[in-house]
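Asks: Would you be able to build a 3D model of this:
(2 chains)
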There are 2 protein chains.
Amino acid sequence: MSETVTDHTGQPFNRPAFESLLKRRFFFTESFEIYRTASGFKGDNRGLFDYGPPGCALQANIVDLWRKHFVLEEDMLELDCTALTPEDVFKTSGHVDKFADWMCKDPVKGEYLRADHLVESVLKARLDSDRMGRGTKFDHPDGTCSCEDVKKTKVKDINPVKLSDSSIKEYEEILAQIDNYDGEALGQLIKRLDIRNPDGNNEVLPPIPFNLMFRSTIGPSAAAPVYLRPETAQGQFLNFRKLLEYNNNIMPFASASVGKSYRNEISPRSGLLRVREFLLAEIEHFVDPRSGKKHDRFDEVQHLELPFLDQSTQLAGQTTTKHLSLGRAVEEKVVNNETLGYFLGRTYQFFLKIGVDKSKLRFRQHLAKEMAHYACDCWDAELLTTYGWIECVGCADRSAYDLTVHAKRTGEHLVVKESLPEPISIERWEALLDRKKLGPKFRKDAKVVESAVSALNQDALEILSSVLETDGQVTIETSGPSEGDGSVTISKDILSIKRISRVQNTREYTPNVIEPSFGIGRILYSLLEHVYWSRPQAVARGVLSLPPSVAPTKVLLVPLSSNQCFRPVIKTLSHRLRVLGIPYRVDNSSASIGKRYARNDELGTPFGITVDFDTVKDDSITLRERDTMQQVRAPMEDILAAVKNLVDGVESWEQVSKRLPEFASQGQEIEE
Amino acid sequence: MSETVTDHTGQPFNRPAFESLLKRRFFFTESFEIYRTASGFKGDNRGLFDYGPPGCALQANIVDLWRKHFVLEEDMLELDCTALTPEDVFKTSGHVDKFADWMCKDPVKGEYLRADHLVESVLKARLDSDRMGRGTKFDHPDGTCSCEDVKKTKVKDINPVKLSDSSIKEYEEILAQIDNYDGEALGQLIKRLDIRNPDGNNEVLPPIPFNLMFRSTIGPSAAAPVYLRPETAQGQFLNFRKLLEYNNNIMPFASASVGKSYRNEISPRSGLLRVREFLLAEIEHFVDPRSGKKHDRFDEVQHLELPFLDQSTQLAGQTTTKHLSLGRAVEEKVVNNETLGYFLGRTYQFFLKIGVDKSKLRFRQHLAKEMAHYACDCWDAELLTTYGWIECVGCADRSAYDLTVHAKRTGEHLVVKESLPEPISIERWEALLDRKKLGPKFRKDAKVVESAVSALNQDALEILSSVLETDGQVTIETSGPSEGDGSVTISKDILSIKRISRVQNTREYTPNVIEPSFGIGRILYSLLEHVYWSRPQAVARGVLSLPPSVAPTKVLLVPLSSNQCFRPVIKTLSHRLRVLGIPYRVDNSSASIGKRYARNDELGTPFGITVDFDTVKDDSITLRERDTMQQVRAPMEDILAAVKNLVDGVESWEQVSKRLPEFASQGQEIEE
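Replies: Predicted coordinates for the structure are as follows:
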């Protein structure tokens, strides 16, 4: 199951050193950290993180590239909607009832554990213990498994376990489809396999659901409950009509939104990988379901070979990926349709652009029970980290679910009207209300009755027409809390239902939605793991080989010493870089050049410019590349032009280092 | 008091037409609008808005410019902190106790009114009514006063009021310093002047405070209360130590943060001007208080002439601004110090960059009681709109308030250590705890005792030393909820306090903070009012004269008709613009050219490129400028180069229109 994670030089990944780098260089930190150790501070405030300057810039650069790659490239309509959302919206969308995880209480410790994570961690620990007993190499010393609670489960705490071959097989099968168990099934597993809280070995109570939305109230009367959105999607659906209009009623089209979302996770661990407040970048692509969900730019991605892990492989208890071209994957129905396939391909391209390691990327299909309540097919783009395979992008086919439920609840027609090339004549059932009688009879509820009647589909109308015929009245369900028992009875003097033949010039349909949803924080963390390594000569100092496009700072300016004579050159260079729009920083601290470069490698800055006494004489400067530590030397103008090309991706370092004169290393040795 | 607001052509501002444009073009909309009219929807969900594609792009461009103007220009350290914040943090910062507005309940209607807005609206309505009776021109037909409740107060609802001269004078004085009244004073005014709810004329109950923070709980046990931040500032203060370290311990420096903040307003109206979820862009500039708050770039802004409205003018019941250079303003102590002055100047420059009308901008000093609980001086940059003068930027001197209270609560040293050029010998009181006895005596509270003792200042130590001498023990206050009664008694066998002479090589100080805080939504709305106007020949269609730098889209591509022959050119142009990084849109709808341009003017797109049959023959295209409607015609290459220059601000339209051949208007008439 578990794999040893290595860096790109083939060395085992050193998570403690990596984490120390991120903390030391202020990529991110736990929020209100100074309070966490303060006396009398109470509260369960894990899963909240602040980004420091380099983390903040890295995040901004990833989002900026995302916007260019997706939003600008395809003219998506970007929205910025509120996180505060009335309860009614999430009742309709199903989140109030269904957006929950299963948790078990340890009654002795008063601690809550996420049920699937508990099962996962205990079974993995047992498998590991068994392997150790057999002398099999214990192959994830850094905790390389996707489970979050394993860190607590020190192997020494567990009595060495000896498992039968059938148990090993069973455990592995359970783990391969851990996301496919609901609360009841998890409860049975916990009981049957005697799974306990690893921290204290207490039995736990059966799983109960815990809704993941944060709740508050709005306004001085506090009567109106609101939730913080757990996704940006609903805001986009609620604005569908305005978006369609803004797009001159042309289909298909996509909207997009980048914004903070909130999930009250049961027991967040694993740093940035499971947090309670996070940045989501989501696309809602609206498409005519009758189009077969074709995509007119699919030909641009169909040649891409992606690593797939589909449902059937997982259900067989396997985790081996298949490499397939997107064209074949759609043809063979591994991926349901072109639009879904198109976005998987675009996601793959985006990941390579920001510097993700291709060998640590896979696309995994959701299992049936794992899927969100609104989805009919879903693929995750997962990145391999020392925490295991991490879902970083979810690409779901939400079908017409959301638009349909909101339309039903509000009585708004969230549909597309399409002119037909030729009018067609159709027969259909129609319901007619006598408004003169409706108002006096139902008064303030007349609108509720109207929208309930207009929501009836053809099948329902056909049945009701005969009931109306027979009984002289019908009872239909209504929505909206103003109705006492949620139904209403209407007599035939007010309602008539008839089969009518009409000529239709237009067709109405509810679009389907394909939703690629990007968890920016998880992408950022996984990317940092992918680009981290250390030089053999300086293992305590790491290097972050971030591509120039996403690196927080592109250039470090290093005056040889604090000698005043360097000031004017540094000022000129700063000004020139600012005009070129290239983010830079000056390091005029008193540390040695080697130390300053080492610090810089930790920040992932791809280029360094050194200014020395020769610069003052002849205007030549040295340019250093982070990964190779190679240096070239040339007049300022040439170096600046090269930096601009490197940052814009017009030229590679290989090209630059060939055409500009090499500079013999000076003070380059990395100092710890 | 009130002024007629005109557009830049001198016409009275037409707010209904303006609002209709913003809605029609989807700049923004009330959030979950389709729910607001749905039957059974309950809740007080005003004050929440979604930005549509042009609003979202405009917001992003304003923020982008802000970042370049402030953050990049001065190497500020940007952070991204969470909105969810534990109660303890806001208790310490004073927000739990003091971040409240005063509200009055109308017991008959069950409605809550913000007390200061109530007084303001009623007094303004009385003054207006009196003026009408005297035949004075009623000079704000669109509701041009800063009060939000006035829209409800139709003049016809009020019995014509005849005021004595002394009443007029009194009302005007009250209104000029309305922000200076606390709850009690507002209650007295309401009683004395018989101020009632204009909607129904009911008496209201005395003002009570209402805390403006949204509250929720975190984690499955729901035991930990959290608030949504009402400002981004606290996250920056809590990270002070890491920031200082990241900046290599160099002072002064600034941090910055752009993020959503939340305030549960009592009764939000006025569209984007008073909302419950909004984007704040905040700077915290940390400075040594002994430096006199000098700023080393003040010379770059001291020549700027700003319109000031200071405290003394307001207290005299006046609203006339004084124009002063920043240099003189600081010299004459109108503005307290250089750093505050520097940021006022930079704010002024920023406003001009994004297109704010200089004549509708002023800097107003806060009155003593209006200031937030943490501020010791504060200036608002206000923009004039049809809602009156709107606070868009607050520039506050928060002194050492926040760092001091957080340091005291957490026991962390939030200070700067500075090496002294020469060591000095000083005498000071020092407290010494006998740790061997401390632990056994106080057990788990030992840490609380320690931090309470270390928080004692020199004055306190001096007093306590003689108490200890006399009584053999002292009682000191502690912080932190673990202490029963918040105090602890320590005997002299554990604590000793002595006067000690030491040589000091370093100086420790708590920095002061100057905080410019930008409300992006208010700036965006006010800017839209400033750039809106309509052409005499087409009053129903508006124009938004946004500068290219912030315009949502820079170029509209318009093929003459839907003829297939234009497709390749449009494709080429699209590709070229994308490579140049210039946001554009194609309008290939069937509407006439005039109609498409008119639509475009409403979106504030500064340039239009028309492709016609001549283009297909000779590669020439037409470039149209939005405000002048002038057109030039030239080969594609020349036009694209000109557009790039225009968007980058390198060339003005005047220059371009002089050097490129004019094109005789064709289909240019604006169609309604």
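Asks: going forward, measure contacts between C-alpha atoms and count neighbours the same way
Replies: Noted.
Asks: For beta bridges, what are the partners of A:P12?
Replies: Bridge pairing for A:P12 (DSSP bridges) gives the partners A:T6.
Asks: In contact with it, which residues are there?
Replies: A:4-6 (C-alpha atoms under 8 Å, 6 or more residues apart in numbering or on different chains).
Asks: can you give me the helices in the stretch 401-550 of chain A?
Replies: A:401-410, A:435-442, A:446-454, A:458-471, A:520-531 (DSSP state H, counting those that start in this stretch).
Asks: now the stretch 1-150 of chain A
Replies: A:15-24, A:33-36, A:53-66, A:87-93, A:95-98, A:115-133.
Asks: which one of the helices of the stretch 401-550 of chain A lies closest to chain B?
Replies: With C-alpha to the nearest C-alpha as the measure, helix A:401-410 is the member of those nearest chain B (4.8 Å).
Asks: sorry, back to before: so which of the helices of the stretch 401-550 of chain A is nearest A:Q302?
Replies: Ranking the helices of the stretch 401-550 of chain A by their distance to A:Q302 (criterion: C-alpha to C-alpha) puts helix A:520-531 first, at 24.2 Å.
Asks: And chain B, is that closest one touching that?
Replies: No - judged by C-alpha under 8 Å from any C-alpha of the partner chain, helix A:520-531 and chain B are separated, with a smallest distance of 11.8 Å.
Asks: Any stretches of chain A with poor pLDDT?
Replies: Along chain A, the parts satisfying pLDDT under 70 run over A:1-3, A:43, A:135-160, A:479-485, A:665-672.
Asks: ok, and what's touching stretch A:223-236?
Replies: Residues from elsewhere that reach stretch A:223-236 (C-alpha under 8 Å, 6+ apart): A:79, A:81-87, A:93, A:212-218, A:255-263, A:280-284, A:402, B:31-32, B:42-45.
Asks: Any idea which residue is closest to the centre of chain A?
Replies: Residue closest to the mean C-alpha point of chain A, counted by C-alpha atoms, centre = their mean, is A:G519 at 2.4 Å.
Asks: ok, that residue to B:D434 distance?
Replies: For A:G519, the distance to B:D434 (C-alpha to C-alpha, to the nearest Å) stands at 52 Å.
Asks: Next: A:V453.
Replies: For A:V453, the distance to B:D434 (C-alpha to C-alpha) stands at 82 Å.
Asks: These two: which has the busier surroundings?
Replies: Applying other C-alpha atoms under 10 Å in any protein chain shown to A:V453 and B:D434 shows that A:V453 carries more neighbours, namely 19 against 12.
Asks: Skipping adjacent residues, who's closest to the more buried one in space?
Replies: A:A431 (7.2 Å; C-alpha to C-alpha, 6 or more residues apart in numbering or on different chains).
Asks: Wait, the one you found touches A:S496, no?
Replies: Yes - using C-alpha atoms under 8 Å, A:A431 is in contact with A:S496, at 5.8 Å.
Asks: Flag every residue of the stretch 501-650 of chain A that's near chain B.
Replies: Applying C-alpha under 8 Å from any C-alpha, one finds that the stretch 501-650 of chain A approaches chain B through A:583, A:585, A:589.
Asks: which residues touch A:F90?
Replies: Neighbours of A:F90 in contact, by C-alpha under 8 Å, 6+ apart: A:V96.
Asks: Next one: the nearest residue to A:C104 once chain neighbours are set aside from B:R241, what distance?
Replies: Closest residue in space to A:C104, ignoring its immediate chain neighbours: A:P207 at 4.6 Å, by C-alpha to C-alpha, 6+ apart. According to C-alpha to C-alpha, A:P207 and B:R241 sit 42 Å apart.
Asks: for A:S121, same thing?
Replies: Separation of A:S121 from B:R241 (C-alpha to C-alpha) stands at 37 Å.
Asks: Compare neighbour counts for these two and give me the winner.
Replies: Ranked by neighbour count (other C-alpha under 10 Å), A:S121 and B:R241 place A:S121 first, with 24 against 18.
Asks: what pairs with A:E418 across the strands?
Replies: Bridge pairing for A:E418 - DSSP bridges - gives A:R507.
Asks: What is the neighbour count of it?
Replies: When neighbours are defined as other C-alpha under 10 Å, A:E418 has 14 of them.
Asks: So it sits against A:T506, correct?
Replies: Yes - between A:E418 and A:T506 there is a contact at 5.3 Å, judged by C-alpha under 8 Å.
Asks: re earlier: contact partners for the residue nearest to A:C104?
Replies: Counting by C-alpha under 8 Å, 6+ apart, A:P207 has contacts A:102-105, A:115, A:183-184, A:186-187.
Asks: among the contacts of A:P12, who's most crowded?
Replies: Neighbour counts for the contacts of A:P12 (other C-alpha under 10 Å) peak at A:V5, which has 26 neighbours.
Asks: can you put the helices of the stretch 401-550 of chain A in CSV and add distance to B:K444?
Replies: Output for the helices of the stretch 401-550 of chain A, formatted as CSV (distance: least, C-alpha to C-alpha, whole Å):
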stretch, distance to B:K444
helix A:401-410, 54
helix A:435-442, 68
helix A:446-454, 62
helix A:458-471, 70
helix A:520-531, 37
